[in-house]
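> Give me the fold of what follows.
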Amino acid sequence: MRGTERDSTIRTGHGPDNMATLRSFAINHLRAAGHPNIAAGLRKMSYQPFHRPLDLLGLA
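Below you'll find the predicted structure:
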C-alpha cells in the first residue's frame, strides 16, 4: 500500500458515516433530477467530476 492509502482516515472514526451521508445525498439528487438508473447517473456524473455535479445541484 502506498502511504496515502495507508494513512487514509475514511475507514476510521466518522469517515464511514460521512461517506454514507454523501452517497445518499448524491443518490437522492440523481433521483430528483429524473435519473431512472442510479448507477448510470453516477457514471455520467463522474465523466466531468468538477462540472456535472454542480450542474445537478444548480450551482454552476
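
> Please work out how many residues are found near Arg52.
The burial metric for Arg52, expressed as a neighbour count using other Cβ atoms under 10 Å, is 15. From N, CA and C alone the C-beta is placed, and that goes for glycine too.

> wait, isn't it in contact with Lys44?
Yes. Under the criterion of Cβ atoms under 8 Å, Arg52 makes contact with Lys44 at 6.9 Å.

> In three-state terms, label Thr12 for me.
Put simply, Thr12 is coil when judged by DSSP: H, G, I helix; E, B strand; the rest coil.

> Same check on Gly34?
Gly34 falls in the coil class when you classify it by three-state DSSP.

> Phi and psi next, for Asn37.
With angles defined as degrees, to the nearest 10, Asn37 shows backbone torsions of phi -120, psi 110.

> Next: Phe25.
Taking degrees, to the nearest 10, you get phi -60, psi -50 for the backbone angles of Phe25.

> roughly how far apart are it and Ala40?
Spatial separation of Phe25 from Ala40 under the definition Cβ to Cβ, to the nearest Å is 18 Å.

> what's the closest non-adjacent residue to Ile27?
With Cβ to Cβ, 6 or more residues apart in numbering as the criterion, Ile27 has its nearest non-adjacent residue at 5.5 Å, and that residue is Ile38.
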